[in-house]
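Student: I would like to see how this sequence folds:
(one chain, ligands or ions: 1)
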Amino acid sequence: MTDAHHSTPVLSLSALGKDYAAPVLDDVSLVLNAGEVLALTGENGAGKSTLSKIVCGLVQPTRGQMLLGGAAFQPASRRDAERLGVRMVMQELGLVTTLSVAENLLLDRLPNQTGWIRRGKLHDLAARQLAKIGMEHIDPATPVARLGIGQQQMVEIARNLQDDTRVLVLDEPTAMLTPRETSHLFEQIELLKARGVAIIYVSHRLEELQRIADRVAVLRDGRLVDVRAMAGVREAELVQRMVGRAVHEHEGRDRRIAGPVLLSARGIGRAEAVKDVDIDLHAGEVMGLAGLVGSGRTELVRLLFGADRADRGEILLYDGIAATQPVLRVRKGWRSPMQAIRAGIGLVTEDRKSQGLLLTQPIRVNATLSDLGAISHAGWLQRAKERGIARRLVELLRIRSRSIEQPVATLSGGNQQKVVFARWLHRECKVLLLDEPTRGVDVGARADLYAELDRMTDAGKALLMVSSDLRELMAMCDRIGVMSAGRLVAVFERGQWSEQSLLAAAFSDAAGRAASAAPPTAGSAISDPNPGQPATADTP
Ligand SMILES: Nc1ncnc2c1ncn2[C@@H]1O[C@H](COP(=O)(O)OP(=O)(O)OP(=O)(O)O)[C@@H](O)[C@H]1O
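Tutor: Coordinates of the predicted model:
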């Protein structure tokens, strides 16, 4: 915290509470000072978003008061709060994707004295705003829809960096950002602090909080259980406060003997997004996929699941026993996700909208949706069985809910993610593709998910996991592939990677040259799919 602003209260919360069917926030009192970053953390469903939304006028509290600069503060809407300089960067981006970057940045203040938008001025102002966060290379006239998700997130951040901002709430702001974008954001946060802006920073990424926050507040079950200075706080201590129990960090995988190949892709590609990738997924292994946002990781996974159609290459499926002859060979990839699902492929992504969660339906329906075979008998749904499975999954993944009848729309973000995961847990799939499966998931739940992934590989499934969290990949994977500009530029075996070599490969150029840091045995070449067995790629 800068000394000049030291302990000048900007925002005071006193005995705030929010009830839905039951209390989800209770008796929260807190003072936020000028020029400080307060980290807000806690388990999924602890109430972080609810508290943030109350501060920013999106949700009204059931009880309690707020003061802004000493005056009563009761925003009735987000606009109301913004007029008083209280702004929020939300996880779900609020940009109008059909409008340009400039129009989005200055939506509220279009320079429009005569009824005409003066485009030149608009673009000047927008360019200045973009330059603040190191985005000067973006043309303000670009439609937002053409930007990658990380860049959209940066525009959302830029939009909230107005001169009149007094309180800024950032909800998991770095989830979609590259390391470089993250450093631009952190620089900007330092400048805001120096200007006396008070910042609430919501995140599950503890190492990030330690880097950026002055104080940390922990919510548990809707109550504030701890507020303390960040300096010197150990990660384990925080986790203990959050979860109320010790969480054992995943010890890292033992090197497993990989089984035979279950799925291969040869030369699979789609336009410029994925360029002729060869990849083999083995029974009993977790393969990681690292790379920058936009490097083609998600696009590759979507091709392997049939969510997008490949325009070249082929997918080969093996029975997992002899693995010399593919049991199925699909040119240009799957025709539809249904074809992939029937062949035993599953996909968990963090994009809950594309997961087809039926938001108005209860957990019970959503958790068992992909497995009607297991709960129907002679065409009848067996309710008792459905309830049994749903209860078991809720318990196993600690899905925070009133009951299995709670509609998924009213679960917290992280708990919705667990429902998506639950679906594939008991399903008979051979290959599970996971795209950022733990984004927005708290530390305790993360440990539970990792244990489940271990069990799946013990049962002989093949897992492919995309993650932007290198620590997670290094702990969980047997091999890590790195993508850059649509190509798989390197595959590292366990024991051969370091954070540095993975990053170097991620930043390597599009020509497919693996970074020089990659060890010669593991760099650019993809390992033989079945050591000691005949190569499968050319098998008819
Ligand atoms: N509209 C609603 N109706 C009923 N319950 C709700 C509603 N909105 C939120 N809740 C409940 O409030 C609790 C707190 O949710 P909130 O989204 O604030 O948690 P969070 O700490 O932000 O979680 P996450 O880390 O998963 O984002 C959850 O149990 C959630 O189910």
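Student: The closest residue to residue 235 other than its chain neighbours - how many residues pack around it?
Tutor: Take residue 235 and drop its neighbours on the chain: the residue closest to it by CB to CB, 6 or more residues apart in numbering is residue 206, 5.0 Å away. Backbone N, C-alpha and C define where each C-beta goes, glycine included. By other CB atoms under 10 Å, 19 other residues sit near residue 206.
Student: quick one, what contacts residue 206?
Tutor: By CB atoms under 8 Å, 6 or more residues apart in numbering, residue 206 lies in contact with 41, 235, 238, 239, 443.
Student: could you pull out the strands for the stretch 201-350 of the chain?
Tutor: Assigned by DSSP state E, counting those that start in this stretch, the stretch 201-350 of the chain shows strands spanning 215-220, 223-229, 261-270, 274-282, 286-291, 312-317, 328-331, 345-349.
Student: Which one, of the ones you listed, ends up nearest to the ligand?
Tutor: The ligand lies closest to strand 215-220 among those, at 6.4 Å (CB to the nearest ligand atom).
Student: other SSEs contacting the closest one?
Tutor: strand 37-42, strand 223-229, helix 235-243 (3 or more CB pairs under 8 Å, 6 or more residues apart in numbering; DSSP states H and E).
Student: now the helix or strand where residue 88 lies: how far from the chain's centre is it?
Tutor: With elements taken from DSSP states H and E, the one containing residue 88 is strand 86-89. Here the centre of strand 86-89 is set off from its chain's centre by 20 Å, with CA atoms, centre = their mean, to the nearest Å.
Student: do stretch 465-472 as well
Tutor: With CA atoms, centre = their mean as the basis, stretch 465-472 stands 10 Å off its chain's centre.
Student: what does stretch 233-240 give?
Tutor: 22 Å.
Student: can you pull out the helices in the stretch 401-540 of the chain?
Tutor: Secondary structure of the stretch 401-540 of the chain (DSSP state H, counting those that start in this stretch): helices at 413-425, 443-458, 470-476, 499-506.
Student: What separation do you get for the residue nearest to residue 235 and residue 297?
Tutor: Distance from residue 206 to residue 297, counting by CB to CB, to the nearest Å: 24 Å.
Student: how does this structure divide into domains?
Tutor: Recorded structural domains for the chain (assignment: automatic domain parsing) are 3-243, 250-344+430-437+457-540, 351-428.
Student: Is there contact, residue-wise, from the shortest one to the ligand?
Tutor: Yes: where contact is defined by CB under 6 Å from any ligand atom, part of domain 351-428 touches the ligand, namely 400, 410, 411, 412, 413, 414, 415.
Student: Taking those residues, tell me the two that lie furthest apart.
Tutor: Within those, 410 and 414 form the most distant pair, 13.5 Å apart (CB to CB).
Student: Settle it for me: which of those two has more neighbours?
Tutor: Neighbour totals were compared for residue 410 and residue 414, and residue 414 leads with 24 against 16 (other CB under 10 Å).
Student: Around the closest residue to that one other than its chain neighbours, how many other residues sit close by?
Tutor: Spatial nearest neighbour of residue 414, chain neighbours left out: residue 44 (2.8 Å); criterion: CB to CB, 6+ apart. When neighbours are defined as other CB under 10 Å, residue 44 has 25 of them.
Student: before we move on, what about residue 257?
Tutor: The local packing of residue 257 (other CB under 10 Å) involves 8 other residues.
Student: Dihedrals phi and psi, the closest residue to it other than its chain neighbours?
Tutor: Closest residue to residue 257 apart from its sequence neighbours, by CB to CB, 6+ apart: residue 284 at 7.6 Å. Taking degrees, to the nearest 10, you get phi 80, psi 10 for the backbone angles of residue 284.
Student: list the helices and strands the strand or helix carrying residue 200 packs on?
Tutor: Counting by DSSP H and E, the element that carries residue 200 is strand 198-202. With contacts taken as 3+ CB pairs under 8 Å, 6+ apart, strand 198-202 sits against strand 23-33, strand 37-42, helix 48-55, strand 167-171, helix 179-194.
Student: Whether the third one contacts the ligand - can you check?
Tutor: Think helix 48-55. Yes: contact of helix 48-55 with the ligand (CB under 6 Å from any ligand atom) involves 48, 49, 50.
Student: so the second one makes contact with residue 172?
Tutor: No: under the contact definition of CB atoms under 8 Å, residue 49 does not touch residue 172, with a separation of 9.5 Å.
Student: can you redo the contacts of residue 206 as a markdown table with pLDDT?
Tutor: What follows is these, written out as a markdown table (pLDDT from 0 to 100):
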| residue | pLDDT |
| --- | --- |
| 41 | 93 |
| 235 | 82 |
| 238 | 84 |
| 239 | 83 |
| 443 | 82 |
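Student: Of the residues you listed, grab the buried ones for PyMOL.
Tutor: Per 16 or more other CB atoms under 10 Å, the buried members of those correspond to this PyMOL selection:
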select buried, resi 41+238+239+443
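Student: Check the contacts of residue 206 and tell me the two furthest apart.
Tutor: Farthest pair in the contacts of residue 206 (CB to CB) is 41 and 235. Separation: 10.9 Å.
Student: follow-up on the earlier one: out of the helices and strands packed on strand 198-202, which is the most enclosed?
Tutor: Comparing the helices and strands packed on strand 198-202 by mean neighbour count (mean count of other CB atoms under 10 Å), strand 37-42 comes out on top with a mean of 26.
Student: If you count contacts, what does that strand end up packed against?
Tutor: Using 3+ CB pairs under 8 Å, 6+ apart, strand 37-42 sits against helix 48-55, strand 198-202, helix 206-212, strand 215-220, helix 235-243.
Student: Ramachandran angles for residue 392?
Tutor: Per-residue torsions, residue 392: phi -60, psi -40 (degrees, to the nearest 10).
Student: and it, how many neighbours?
Tutor: 14.
Student: list the contacts for residue 87?
Tutor: Neighbours of residue 87 in contact, by CB under 8 Å, 6+ apart: 56, 81, 160, 162, 165, 167, 168, 169.
Student: tell me which parts of the chain are close to the ligand?
Tutor: 20, 24, 42, 44-50, 400, 410-415, 440, 442.
Student: and residue 106, what does it touch?
Tutor: Going by CB under 8 Å, 6+ apart, residue 106 touches 122, 125, 126, 129.
Student: how near is the last one to residue 122?
Tutor: When distances are taken as CB to CB, residue 129 and residue 122 turn out to be 11 Å apart.
Student: hmm, back to that, deepest-packed of the helices of the stretch 401-540 of the chain, please.
Tutor: Comparing the helices of the stretch 401-540 of the chain by mean neighbour count (mean count of other CB under 10 Å), helix 413-425 comes out on top with a mean of 24.
Student: Just the angle for it relative to helix 48-55, thanks.
Tutor: On the basis of axes from the mean of the first three to the mean of the last three CA atoms, to 10 degrees, helix 413-425 is oriented at 150 degrees to helix 48-55.
Student: and helix 413-425, average pLDDT?
Tutor: For helix 413-425, the mean pLDDT works out to 84.
Student: Who does the residue nearest to residue 345 when sequence neighbours are not counted form a beta bridge with?
Tutor: Leaving aside its chain neighbours, residue 345 sits nearest to residue 431 (4.9 Å; criterion: CB to CB, 6+ apart). Beta bridges link residue 431 to residue 345, residue 462, judged by DSSP bridges.
Student: cool, and residue 312?
Tutor: Beta bridges link residue 312 to residue 269 when assigned by DSSP bridges.
Student: what do you get for residue 37?
Tutor: Going by DSSP bridges, residue 37 forms beta bridges with residue 199.
Student: isn't it right up against residue 214?
Tutor: Yes: assessed by CB under 8 Å, residue 37 is found in contact with residue 214 at 5.3 Å.
Student: give me every residue that touches the residue nearest to residue 219 when sequence neighbours are not counted.
Tutor: With sequence-adjacent residues excluded and distances taken as CB to CB, 6+ apart, residue 219 is closest to residue 42, at 3.6 Å. Applying CB under 8 Å, 6+ apart, we find residue 42 in contact with 48, 218, 219, 220, 242, 442.
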